[in-house]
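J.: My questions are about this predicted structure, shown below with the sequence.
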Amino acid sequence: MDNLETVKLMSLLNNIDDESNLDDFISNTLNNSDNIQLCKYLEKIFKDKSISKSAVIKNADIDRTYAYEILRGNKKPSRDKILQLCIGGDFNLEETNKALKIGNCGELYPKVMRDSVIIFGLNKKLSILDINDLLFSYNVPLLGEE
């Protein structure tokens with residue numbers, strides 16, 4: 001469904017011939033679209049999974065104060081922080097990639113060794129510590145080592 005909307009938006013955008021039409025597109029299409037904020041998306045998934053923010057933060061191994069600033073929408077998290085919150089919230093791969101996309105951080109990419117290890121960890125529902133152990137064994141940067 002999201003992809004269909006993207007195709008429609010791209011078609012509209014490709015047919016824009018001047019700046020006034022671009023202004024109309026942005027104000028009428030993008031501003032009224034269902035652009036969800038990362039903090040709202042995370043909150044929705046936490047609620048759907050019946051997991052508290054405090055449990056997610058503990059499982060994510062992120063400083064509590066910083067994590068709450070992210071979850072309130074006051075801080076723009078790095079890709080690793082989003083990944084940590086997703087792993088801490090027991091997100092699956094699809095939910096994690098959507099969070100990364102919303103956060104403008106790029107989805108996990110299986111051709112990148114580090115991303116492959118993280119994908120494996122998500123699929124096996126491993127903890128942050130277990131995923132970091134795997135990352136360490138492959139000599140790639142650990143989650144949260146920014």
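T.: Received it, and whenever you're ready, just let me know what you need.
J.: Thr96 is in contact with Leu108, correct?
T.: Yes - under the criterion of C-beta atoms under 8 Å, Leu108 makes contact with Thr96 at 6.8 Å. C-betas here are computed from N, CA, C, even on glycine.
J.: what is in contact with the two at once?
T.: When contacts are counted by C-beta atoms under 8 Å, 6 or more residues apart in numbering, Leu108 and Thr96 are jointly contacted by Leu122.
J.: which residues touch Asn123?
T.: Taking C-beta under 8 Å, 6+ apart, we find Asn123 in contact with Asn92, Leu93.
J.: for Leu135, same thing?
T.: Neighbours of Leu135 in contact, by C-beta under 8 Å, 6+ apart: Arg114, Val117, Ile118, Pro141, Leu142, Leu143.
J.: Give me the buried subset of the residues you listed.
T.: Neighbour counting by 16 or more other C-beta atoms under 10 Å classes Arg114, Val117, Ile118, Leu142, Leu143 among the contacts of Leu135 as buried.
J.: these two touch, right, Ile45 and Phe91?
T.: Yes - here Ile45 reaches Phe91: they are 6.3 Å apart, a contact under C-beta under 8 Å.
J.: Mutual contacts of the two, please.
T.: The contact sets of Ile45 and Phe91 overlap at Ala99 (C-beta under 8 Å, 6+ apart).
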